[in-house]
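J.: Sequence plus the predicted model coming up.
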Amino acid sequence: MEPQIYMWRGTRQAIIQRHDFYVEQVKKRVISHFSDVEVEAERFADTEYDRLCSLPGDEDSDLSIAAEIAEEHGQQLYLLLYDLRRQMLLGALAGCFHQRDVELRDFLEAEFLQYSNEAREIVWGPANF
């Protein structure tokens, strides 16, 4: 008998709902924390400038050096936060694709069990993708 696979509407809707929930929660709990990295880096640079200016020393020459150092520290923080935001987004996308892969393989395993006792090996075996 030739295998025929059909995904019922309820199964499709459940998978789509889990996917939508995952995306919504990633946006809410992870990505939203990186919405103001530019502002955060600027605030850090301002705070660093104030800290450096409060140190004892020659006021005229130290102010320009303090401004340069504070700006550099702010840029470094921005680059670190930007990279972290990118890594978090890529990690969330990888998690999303992994979740879909597992759900599809679980579905295929259940369907193939109707035709073969080796369904687990067929679906989860290393030579399938």
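T.: All right, it came through fine.
J.: alpha carbons only for contacts and neighbour counts from here, please
T.: Noted.
J.: Give the buried residues for the helix-or-strand element of the chain with minimal mean pLDDT.
T.: Of all helical and strand segments in the chain, the minimum by mean pLDDT, DSSP states H and E falls on helix 119-124, at a mean of 74. In terms of neighbour count (16 or more other CA atoms under 10 Å), helix 119-124 has its buried residues at 119, 120, 122, 123.
J.: Mind listing what's buried along whichever strand or helix holds residue 10?
T.: Under the criterion of DSSP states H and E, residue 10 resides in helix 9-29. By neighbour count on 16+ other CA under 10 Å, the buried set for helix 9-29 is 15, 19, 22, 26.
J.: Which helix runs longest in this structure?
T.: helix 59-112 (DSSP state H).
J.: quick check: angle from that one to helix 9-29?
T.: Here helix 59-112 runs at an angle of 170 degrees relative to helix 9-29 (axes from the mean of the first three to the mean of the last three CA atoms, to 10 degrees).
J.: Go through the buried residues of helix 119-124 and name the one nearest residue 86.
T.: residue 123 (32.2 Å; CA to CA).
J.: and the closest one, what is it in contact with?
T.: 105, 108, 109 (CA atoms under 8 Å, 6 or more residues apart in numbering).
J.: are any of these buried, and which?
T.: The neighbour-count test (16+ other CA under 10 Å) marks 108, 109 as buried among the contacts of residue 123.
J.: what's the closest of the contacts of residue 123 to residue 88?
T.: residue 105 (25.6 Å).
J.: from what I can see residue 109 touches residue 120, true?
T.: Yes: using CA atoms under 8 Å, residue 109 is in contact with residue 120, at 5.8 Å.
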